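Participant: Predicted coordinates and the sequence they were generated for:
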Amino acid sequence: MSSPKNAFYAQSGGVTSVINVSAAAVIETARRYPEKIGKVYAGRDGIIGALTEDLIDTSVESPAAIAALKHTPAGAFGSCRYKLKGFDKNLAEYERLIEVFKAHDIGYFFYNGGGDSADTCLKVSQLGEKMDYPIQAIHIPKTMDNDLPLTDCCPGFGSVAKYTAVSIREAGFDLKSMCKTSTKVFILEVMGRHAGWTAAAGGLAAENEGDDPHIILFPEVVFDEAKFLARVKHSVDTYGYCTIVASEGIKNAEGKFVADAGSVDAFGHTQLGGVASTLATMIKTKLGLKYHYAIADYLMRAARHVASKTDVEQAYAVGEAAVEFAVAGKGGVMVAIERQADEPYTWTVGEAPLDQVANVEKKMPAEFISEDGFHITEACRRYLAPLIAGEDHPPYRNGLPAYVQLENTPVEKKTGREFTVA
C-alpha cells in the first residue's frame with residue numbers, strides 16, 4: 001500500500017476575519033484522515049510559497065494552536081496577490097510547481113481565495129492533463145466582496161456585512177445627536193470594486209423610515225452628481241442630517257471610477273481609495289454642508305471581534321468539505337454554499353466546477369437595488385439578513401482579543417535550486 005500524499009494549503013488575495021477558520025478546518029480535517037493525507041504544508045505568502053519552495057509544516061502546531069485560528073483574523077500563513085500566467089506564457093512556473101510538488105510528495109492542493117485565486121486553482125488542477133502531474137486541486141471560497149458565482153455567499157462577507165451595518169448604525173446615532181449645531185453629513189466608504197454587496201449590507205441598519213443610512217452608492221448604479229446632491233439635501237432637510245454608505249467602486253457616466261487613483265495592483269486592478277473625500281468635497285462645495293467621513297478599509301475585513309456566527313460556521317464548513325472532497329477523489333471544483341431557505345436560514349455545502357468560477361464576478365441583481373438606486377429592497381434584505389446573524393466573539397485577555405501567532409516552522413528545501421518570482 002502506497003504512503004499517503006501530502007497536501008498544500010495556501011491563502012490568497014485580501015484576507016478576511018474568518019479565512020483562518022477555513023485554514024483550521026483544512027488542517028483539523030486532514031488530521032482525521034492519516035491514511036489518506038500525510039502532512040499539510042502551508043505556502044508562505046500564498047502560491048509564492050509553492051514557487052519559491054517556502055513551505056510551512058503545520059504538523060508541528062498543537063491542536064490548541066490550530067483551534068485558536070478559528071478566532072484569529074487575517075492570514076496566519078501570509079497571503080499574496082499573484083496570478084499564474086497561462087501555460088503558453090510562462091511554462092517555467094508550472095514546471096517549478098511540479099518540481100516542488102514532486103520533491104515534497106504533494107498530491108492535494110487547497111487554495112483559499114476569491115475569483116483570481118479560483119483561476120490559479122483551475123490552472124493547478126490542469127497540471128495532470130497538460131503536464132502529466134496528477135493533483136487534486138480544490139478551491140476554498142473566500143472574499144469579503146461576495147462576488148464569486150455559483151455559491152450563495154462567500155465566507156468573509158457575512159462578517160464584513162455585519163461590521164458595515166453596525167458601523168453605520170452607530171455613526172448615525174452619533175451624527176443625529178450633534179447635527180443641529182455641528183456635522184450634517186457622514187460618509188462611510190467601504191470596499192467593493194465592481195459589486196455592491198458590502199455597501200448594500202449597510203442597508204440592513206435601516207429598519208424604519210428615516211433610519212441610517214439614508215443613501216447607499218453602488219458600483220452597479222451610475223453615479224449622477226446632481227441626483228446625489230439632491231438626495232443629500234433632501235435628507236438633511238427632512239431628518240436634520242444625512243448618512244451615506246459609499247462603495248469605493250462607484251463610476252460616473254463615462255465609466256470612470258470616481259476614486260481612480262491612477263495605478264493598478266498586482267492583479268491589474270485599478271487602485272481605488274478616496275471616494276469618500278471626493279464626495280465630501282462635492283457636498284461642501286455645492287451644498288455648503290459640514291461633513292465627516294471614514295474609510296473602513298482594512299478595519300472592516302480584520303474585525304474579528306464583530307464577526308458573524310453564520311460566517312464563521314460557513315468558513316469552517318467549506319474548509320472541512322474541501323478536504324472531504326479531495327479524499328473522495330474530487331478535483332477541479334470549488335466548494336459552494338447552497339441556500340435551502342431564508343427563514344429560518346438553512347444551507348448545505350455543494351460544489352461548483354472551477355472553469356465556471358474563475359474570473360467571473362457576481363454583481364448585485366437589479367431586484368436587490370431600490371428603484372431610485374439609493375437603497376436596498378426587501379428582497380435584498382431577506383438575502384443579507386441571515387448572513388450577519390449571530391455572534392462569535394473571540395476570547396479576551398487584558399481587555400483585548402487574544403489572537404494566536406503560529407510558529408510557522410519552515411520545511412527543509414529539497415529541490416536544490418532557487419526560483420525567482422517576477
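Facilitator: Noted; the coordinates are in hand.
Participant: all strands for the stretch 251-400 of the chain, in order.
Facilitator: 291-295, 333-341, 346-353, 396-397, 400-401 (DSSP state E, counting those that start in this stretch).
Participant: Reformat these as CSV; add mean neighbour count and distance to residue 316.
Facilitator: Glycine gets a C-beta too; all of them are placed from N, C-alpha and C. Shown next, in CSV, are these (neighbours: other C-beta atoms under 10 Å; distance: least, C-beta to C-beta, whole Å):
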stretch, mean neighbour count, distance to residue 316
strand 291-295, 18, 30
strand 333-341, 19, 11
strand 346-353, 16, 10
strand 396-397, 10, 21
strand 400-401, 12, 19
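Participant: Now render those strands as JSON lines, adding mean pLDDT.
Facilitator: Shown next, in JSON lines, are those (pLDDT from 0 to 100):
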{"stretch": "strand 291-295", "mean pLDDT": "97"}
{"stretch": "strand 333-341", "mean pLDDT": "98"}
{"stretch": "strand 346-353", "mean pLDDT": "98"}
{"stretch": "strand 396-397", "mean pLDDT": "98"}
{"stretch": "strand 400-401", "mean pLDDT": "98"}
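Participant: can you tell which of those is closest to residue 246?
Facilitator: Of all the strands of the stretch 251-400 of the chain, it is strand 291-295 that lies closest to residue 246, at 8.6 Å by C-beta to C-beta.
Participant: Okay, strands next: where are they in the stretch 101-250 of the chain?
Facilitator: 106-113, 136-141, 185-190, 215-217, 242-247.
Participant: Indicate which one of these is closest to residue 100.
Facilitator: The closest of the strands of the stretch 101-250 of the chain to residue 100 is strand 106-113. By C-beta to C-beta, the value is 7.5 Å.
Participant: Return the distance of that closest one from the chain's centre.
Facilitator: 18 Å (C-alpha atoms, centre = their mean, to the nearest Å).
Participant: which residues touch it?
Facilitator: 5-13, 19, 22-23, 26, 37, 41, 46-47, 79, 100-101, 117-118, 120-121, 124-125, 134-140, 142-143, 319, 322-323, 326 (C-beta atoms under 8 Å, 6 or more residues apart in numbering).
Participant: Helices - which of those land there?
Facilitator: Among those, the members found in helices (DSSP state H) are 19, 22-23, 26, 47, 100-101, 117-118, 120-121, 124-125, 319, 322-323, 326.
Participant: Just confirm residue 172 contacts residue 213, I think it does.
Facilitator: Yes: with contact defined as C-beta atoms under 8 Å, residue 172 and residue 213 form a contacting pair (7.0 Å).
Participant: Who has more neighbours out of those two?
Facilitator: residue 213 (30 against 24; other C-beta atoms under 10 Å).
Participant: which residues are contacting the one helix or strand in the chain whose mean pLDDT sits lowest?
Facilitator: Lowest by mean pLDDT, DSSP states H and E among the helices and strands of the chain is helix 127-131, with a mean of 88. Outside helix 127-131, the residues within contact range by C-beta under 8 Å, 6+ apart are 87, 94, 95, 97, 98, 133, 134, 135, 137.
Participant: re earlier: any chance of the strands of the stretch 101-250 of the chain in CSV with mean neighbour count as columns?
Facilitator: Conversion of the strands of the stretch 101-250 of the chain to CSV gives the following (neighbours: other C-beta atoms under 10 Å):
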stretch, mean neighbour count
strand 106-113, 27
strand 136-141, 29
strand 185-190, 27
strand 215-217, 25
strand 242-247, 30
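Participant: Nearest to residue 61, out of these?
Facilitator: strand 106-113 (16.3 Å).
Participant: Now do that closest one against strand 333-341, angle only.
Facilitator: Orientation check (axes from the mean of the first three to the mean of the last three C-alpha atoms, to 10 degrees): strand 106-113 against strand 333-341 gives 50 degrees.
Participant: Strand 106-113 to strand 136-141, inter-axis angle?
Facilitator: 20 degrees.
Participant: mind listing what strand 106-113 pairs with, with the direction of each?
Facilitator: Strand pairing for strand 106-113, determined by DSSP bridges: strand 5-11 (parallel), strand 136-141 (parallel).
Participant: how about the ones you listed in JSON lines, adding mean pLDDT and distance to residue 259?
Facilitator: Conversion of these to JSON lines gives the following (pLDDT from 0 to 100; distance: least, C-beta to C-beta, whole Å):
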{"stretch": "strand 5-11", "mean pLDDT": "98", "distance to residue 259": "27"}
{"stretch": "strand 136-141", "mean pLDDT": "98", "distance to residue 259": "27"}
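Participant: Serialize those to CSV and add fields for distance to residue 281.
Facilitator: Conversion of the strands paired with strand 106-113 to CSV gives the following (distance: least, C-beta to C-beta, whole Å):
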stretch, distance to residue 281
strand 5-11, 37
strand 136-141, 37
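Participant: still on that earlier bit, I'd like the strands of the stretch 251-400 of the chain as JSON lines, with distance to residue 107 appended.
Facilitator: As requested, the strands of the stretch 251-400 of the chain are exported to JSON lines (distance: least, C-beta to C-beta, whole Å):
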{"stretch": "strand 291-295", "distance to residue 107": "43"}
{"stretch": "strand 333-341", "distance to residue 107": "16"}
{"stretch": "strand 346-353", "distance to residue 107": "19"}
{"stretch": "strand 396-397", "distance to residue 107": "40"}
{"stretch": "strand 400-401", "distance to residue 107": "37"}
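Participant: I'd like to know which of the ones you listed lies nearest to residue 181.
Facilitator: strand 291-295 (14.2 Å).
Participant: Does residue 117 touch residue 138 like I think?
Facilitator: No: applying C-beta under 8 Å as the test, residue 117 and residue 138 come out as separate, 11.7 Å apart.
Participant: Count the residues that sit near the residue lying closest to residue 35 once chain neighbours are set aside.
Facilitator: Excluding the flanking residues, the one nearest residue 35 by C-beta to C-beta, 6 or more residues apart in numbering is residue 4, at 6.2 Å. Close neighbours of residue 4, defined as other C-beta under 10 Å, add up to 18.
Participant: any idea of the pLDDT on residue 4?
Facilitator: In this model, residue 4 is scored at 96, pLDDT.
Participant: Tell me which of the strands of the stretch 251-400 of the chain sits nearest to residue 239.
Facilitator: Here strand 291-295 is closest among these (C-beta to C-beta), at 15.2 Å.
Participant: Outside of the closest one itself, list whatever touches it.
Facilitator: 167, 171, 175, 183-189, 273-274, 276-277, 279-280, 283-284.
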